[in-house]
Structure formats: structure tokens, C-alpha cells
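J.: let's see this in three dimensions:
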Amino acid sequence: MYVEQADRQQLQRWQEELSANHRNFVSSKLNLDLTRGKPSANQLSLADALDGILQGNYVSDEGVDTRNYGGLDGLPAMRQLAAEILGVNSDEIMVGGNSSLTLMYFSVLFAWQFGLSGPDSAWRHEETVKFLCPVPGYDRHFAICEEFGIEMVNVPMNDNGPDMDAVEALIRNDSSIKGIWCVPKYSNPAGCIYSAATIERLAGLGTIAATNFRVFYDNAYAVHDLVDKPAELANIREFCERHGTEDSVLQFGSTSKVTFAGAGVAFMAASKTNLSAMKKHLGIATIGPDKVNQLRHLKMIGTMAELRNHMARHAELLRPRFACVLKHLEENFRDSDLGEWSSPDGGYFISFDTRPGLANAVIQLAAEAGVKLTPAGATFPYGKDPDDKNIRLAPSFPTVEDIDRAMAVFCNAVKLASVNQQLEA
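T.: Residues are numbered from 1 along each chain as shown. Purely as a prediction, here's the structure:
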């Protein structure tokens, strides 16, 4: 279907047919949800062994009684596992609670209020604070910026990651830019893996930015592969060592989509300078993280081999869901001018771009037919997609059967909205 090449009679025939399909979907009274990238119940069940796995033995291999206070850094073995996931040394790791988002929030809070490079580096002293936001991106990153009144500046994404020419030019010309959000592997929602050249340039930003600038490197999908031989993600720490910019990067990760989404283990990697600043203030807020939960995780996925085996079982559950979405997109839009989409090798999302100006209309039509999608604009700061075209599809939670039904509604909605737009042109 190429709407720009169709005459008015053809467009009207399509409109009648697609409108009839839409009415049938509405009358079916569906109630389907593709809004958020939550693990399915079957995925969560893969970690049910956590319950009772300690069998009453709460002492770690290092002799730590995990029931007691202390251990702000986390258990040594958990720091080692996190270090292997993120590609750093274990003394550059701090283990937190169940949420890496919490660690990111605290990092912004402490940088804002206290400074990570001494009191004079606190962002609150600045007249204006800005963050670069590669788009489309992760709405919860943007929400943190909004919480602090940090001005967000859009930076376009490409297949290799953020447009680094734009990033470097903005930073050189504007000292109020204090950070950039990054999801380097299976980016949310586009699903790309940052190239080694992009990652090296991100590591090099510390040479051209102010000392209180930080790369917020959210490696949420570091082990979430859907294919057997995924592309390797270059190690940003190695590039930081090369450029002498270790203080400019904060890395984050967690087991939230590995074990229990609400009861995982989060961790961050940073230079000793950054970790010292974080612990100074975090130690006021807490006497220590949940070490019992850390020990439970170590008993189940304490080595990279065990972790990879566990994630292979996740992939078995996720692959049919992603395949179902991609099958519908290929069959409906392969030979058309109606949309473009990502086909990621991992992560939790598929990014779909409608023709400009149609994302809201598609989401509204889908909602009328009982299919909930992530709100249009959610993948952009302030909820404003300037082209009104990006839609994030999240196939992890529903069953394959429900995804099949939801995608039939979605594809019909894209076609109908496109035809309506062309008829109104």
C-alpha cells in the first residue's frame, strides 16, 4: 500500500474497507495492553527458585551475616558479578537495592545538591542546567530531568547511537550542559547497539565538557540478548582510561528483568572519586542495601555462565513474541510507504515510526478497538514528539495470542490513519 501513489478512488475504497475492519475490532471488545516492557509471568517464574534458596543459611562465602546492618558497597561476590556484567573492576562497583532507576535518581540528586567533584561542582549553583537526550529515548530518564527542572535538549539517534557530531558541538558551545542519557545496548526503544566509535566519543566527552559533566550510561539490557551470537558492546571504561576521563561516566545496571522485576539487585559502576561522593551521601540515607537478596541472587546466578544460561531461557520466551510483532509489520508494511520499524537482536522494545503526524491518531484508533499502546510522545522529552510519528511497541508481557490480536488492530489502525491523512491532504 503506497498512499501517496494512490488516486482518490483507491484511497476511498481502502478507507471503507479499513473502517469496516476497525468497527469489527471495536465490537469485539478487546482489552489488550502493549504499553510497558514488563516481563511476563512465565519469565518471572524462571526465578522462583529464589524463594527459599538460602535454606536458612544467611552467611555469605566471605563470612558476612547478610541479615545484619552494613555493607553499603554490597557483597564482594555480587560486586564481582556486576563488574563482569559492566566490564569494570569490582572496586568500581556499588550494589544498591532493587532499582537502577533509584541509583540514577540519587546520582542526579547528589550531583545537583552536593556535587560529585566537590561542593563547587553542585549543579544547583548553575543558572541553567541542561541534559542531552538522544531521541527516541526512555521516558523515565526524562521524568528525572523534569523533577529537577533540568532543561532537556533533543539529540537524534541513528543506527550507531546518538549523533555524536551534534552531541560534541552542543557541549562545546554550551557549558550549561551537564549530562547525557544513554542506553548503549538495545537502546530503548530503537533497539540499536552503540558502535565502538560512538562509545569512544562518549568517553571522550570528559575532555571537552566541564568537570561536573556526566554521561549517564544505563546499560539496562547488557545481558538481554534474543540471538545466540549478539554483537559485542565496546567497553566504555577502556576508552575512559585511554582519554583520562574515568570521572565523566556513571554506569548502571540491574537484574530487574533477569529475576524478579520488583525484587532484583541494582548496581552502578563509577570511578573511585564518584563512588566516594555517592557513598558519602547515600550512607546518610541508608545503613546498607538488602544483602539477603544479593545472597539469594548469588546462589542462583552467581557466575556469568549461570547468568547466561538463565538469560537463554528468557530469550526462548521472548523470541516468539518479538517474532509475532515483526511478522505483522513485515506482512503489512514491507511494500508500503506507511512506516518504518526496528528489528532488534535483544532488549524489550520495537520502535515503529508512522508517517509524520500520525502517531497520536494511530494510538487513538487502537484504543477505540481495545488495544492500549504507549502514549504518543512518551519517547521524547516533555512528551512532545516534534514529528508525531514514533510509537514504542512492548511485546514482552502479553501472550503470543494476545500480541497477534493486538498487532492486527495496530496494523489496521496505521493503514486507516494513513489513508485518512492522505484523503485530507
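J.: pLDDT weak spots in this structure?
T.: Segments of the chain classed as low confidence (criterion: pLDDT under 70) are not present in this model.
J.: kindly report the domain assignment for it.
T.: The record's domain parsing of the chain by automatic domain parsing lists 3-43+308-424, 59-301.
J.: which ones are touching A263?
T.: Contacts were defined as Cβ atoms under 8 Å, 6 or more residues apart in numbering; by that measure A263 touches 50, 98, 293. For glycine as for every other residue, the C-beta is placed from the backbone atoms N, C-alpha and C.
J.: how about the strands of the stretch 251-400 of the chain, start to end?
T.: Applying DSSP state E, counting those that start in this stretch to the stretch 251-400 of the chain gives strands spanning 266-269, 339-341, 350-354, 371-373, 390-393.
J.: of these, which is nearest L32?
T.: With Cβ to Cβ as the measure, strand 371-373 is the member of these nearest L32 (4.8 Å).
J.: pull up the pairing partners for that closest one, direction included.
T.: The sheet places strand 371-373 alongside strand 32-34 (parallel), with pairing taken from DSSP bridges.
J.: how about the strand it pairs with: buried residues?
T.: 32, 34 (16 or more other Cβ atoms under 10 Å).
J.: that one: how far from the chain's middle?
T.: Taking the mean C-alpha point of strand 32-34 and that of its whole chain, the gap between them comes to 19 Å (Cα atoms, centre = their mean, to the nearest Å).
J.: so after that strand, what's the next helix or strand?
T.: helix 41-45 (DSSP states H and E).
J.: report all helices and strands that that following helix contacts.
T.: In this structure, helix 41-45 makes packing contacts with helix 304-333, judged by 3 or more Cβ pairs under 8 Å, 6 or more residues apart in numbering; DSSP states H and E.
J.: quick one: list the elements packing against the helix it packs on.
T.: Here helix 304-333 is seen to pack against helix 41-45, helix 76-86, helix 291-301, strand 339-341, strand 350-354, helix 400-424 when contacts are counted using 3+ Cβ pairs under 8 Å, 6+ apart.
J.: show me what counts as buried in the fourth one.
T.: This points to strand 339-341. Residues of strand 339-341 classed as buried by neighbour count (16+ other Cβ under 10 Å): 339, 341.
J.: do the same with the last one
T.: Residues of helix 400-424 classed as buried under the neighbour-count rule (16+ other Cβ under 10 Å) are 402-422.
J.: where along the chain do the helices fall?
T.: Taking DSSP state H as the criterion, the chain carries its helices at 8-27, 41-45, 76-86, 100-113, 139-148, 164-173, 196-203, 236-243, 272-285, 291-301, 304-333, 359-368, 400-424.
J.: with distance to F260 added, can I get the ones you listed in TSV?
T.: Compiled in TSV, the helices of the chain are given as follows (distance: least, Cβ to Cβ, whole Å):
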stretch	distance to F260
helix 8-27	35
helix 41-45	6
helix 76-86	16
helix 100-113	14
helix 139-148	19
helix 164-173	36
helix 196-203	30
helix 236-243	28
helix 272-285	23
helix 291-301	9
helix 304-333	12
helix 359-368	30
helix 400-424	22
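J.: relative to Y382, which of the ones you listed is closest?
T.: Nearest to Y382 among the helices of the chain is helix 139-148; the distance by Cβ to Cβ comes to 7.3 Å.
J.: find the centremost residue of this structure, please.
T.: Averaging the C-alpha coordinates of the chain gives a centre point, and the residue nearest to it by Cα atoms, centre = their mean is N188 (4.0 Å).
J.: give me the phi and psi for the nearest residue to it once chain neighbours are set aside.
T.: Leaving aside its chain neighbours, N188 sits nearest to Y138 (4.4 Å; criterion: Cβ to Cβ, 6 or more residues apart in numbering). Dihedral pair for Y138: phi -90, psi 120, per degrees, to the nearest 10.
J.: distance of Y138 from G206?
T.: Remark: distance between Y138 and G206 (Cβ to Cβ, to the nearest Å) = 23 Å.
J.: who's more crowded, the two?
T.: Between Y138 and G206, counted using other Cβ atoms under 10 Å, the more crowded position is Y138 (24 against 20).
J.: that one against W181, yeah?
T.: Yes. Between Y138 and W181 a contact is recorded at 7.0 Å, counting by Cβ atoms under 8 Å.
J.: who touches both of the two?
T.: Common neighbours of Y138 and W181 are listed as D218 (criterion: Cβ under 8 Å, 6+ apart).
J.: so D404 touches C324, yeah?
T.: Yes. At 5.6 Å, D404 counts as touching C324 under the criterion of Cβ under 8 Å.
J.: and M268, what does it touch?
T.: If you count contacts by Cβ under 8 Å, 6+ apart, M268 has them with 93-94, 96, 100, 103, 107, 250-253, 278.
J.: repeat that for G191.
T.: With the criterion set at Cβ under 8 Å, 6+ apart, G191 makes contact with 342-347, 349-351.
J.: look up phi and psi at it.
T.: Backbone torsions of G191, given as degrees, to the nearest 10, read phi 80, psi 10.
J.: could you number the chain from 539 rather than 1 from now on?
T.: Noted, 539 is the first residue going forward, which turns the last one into G729.
J.: roughly how far does it sit from K810?
T.: If you go by Cβ to Cβ, the gap between G729 and K810 works out to 34 Å.
J.: figure out how far stretch 946-962 is from the centre of its chain.
T.: Relative to its chain's centre, stretch 946-962 lies at 29 Å (Cα atoms, centre = their mean).
J.: would you check that R834 makes contact with L588?
T.: Yes. A contact is recorded between R834 and L588 when judged using Cβ under 8 Å, the distance being 4.9 Å.
J.: more neighbours, those two?
T.: Neighbours of R834 and L588, each counted by other Cβ under 10 Å, are more numerous for R834; the result is 24 against 18.
J.: burial of the nearest residue to I631 once chain neighbours are set aside, as a residue count?
T.: Counting by Cβ to Cβ, 6+ apart, I631 lies nearest to R617, which is 4.3 Å off, once chain neighbours are set aside. With neighbours defined by other Cβ under 10 Å, the count for R617 comes to 22.
J.: what of A660?
T.: The number of residues near A660, taken as other Cβ under 10 Å, comes to 17.
J.: what's the local residue count around A916?
T.: Neighbouring residues of A916 were enumerated by other Cβ under 10 Å; the total is 23.
J.: before we move on, what about G782?
T.: The tally of other residues near G782 (other Cβ under 10 Å) stands at 12.
J.: ok, it - contacts?
T.: When contacts are counted by Cβ under 8 Å, 6+ apart, G782 touches 744-745.
J.: since that was my last question, I'll sign off now.
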